[in-house]
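Peer 1: no sequence on this one, just coordinates:
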């Protein structure tokens, strides 16, 4: 949901498993909150990509999750967004 298309599981990975779906649906409509969520998610799953500003790794992790390198769809996604 929202401007960065944050899914519920992504949201829970970033903020904790006890978060409610209502909070996810309402808070992720806000761009700033969505950006904070993405940064928290990346800090958990690919902190090195944040540190070195590896935009491909960040985009692919955002699209495919922590095992993004195993998914062909993330390479296609990267080609679209770069």
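Peer 2: Looks like it arrived, so ask away. Computed from a predicted model, the values in this text were never measured in an experiment.

Peer 1: Skipping adjacent residues, who's closest to the residue most central in space within the chain in space?
Peer 2: In the chain, the residue lying closest to the centroid (CA atoms, centre = their mean) is residue 62, at 3.6 Å. Distances taken as CB to CB, 6 or more residues apart in numbering put residue 38 closest to residue 62, at 6.2 Å, once the chain neighbours are dropped. No exception for glycine: its C-beta is placed from N, CA and C like everyone else's.

Peer 1: about what we covered before: so the residue nearest to the centre of the chain makes contact with residue 41?
Peer 2: Yes. Contact between residue 62 and residue 41 holds when scored by CB atoms under 8 Å: they sit 7.4 Å apart.

Peer 1: same question for whatever helix or strand residue 33 lives in, mean pLDDT?
Peer 2: Assigned by DSSP states H and E, residue 33 falls within helix 31-45. Taken as a whole, helix 31-45 has a mean pLDDT of 97.

Peer 1: and what of stretch 70-80?
Peer 2: Within the predicted structure, the mean pLDDT of stretch 70-80 is 92.
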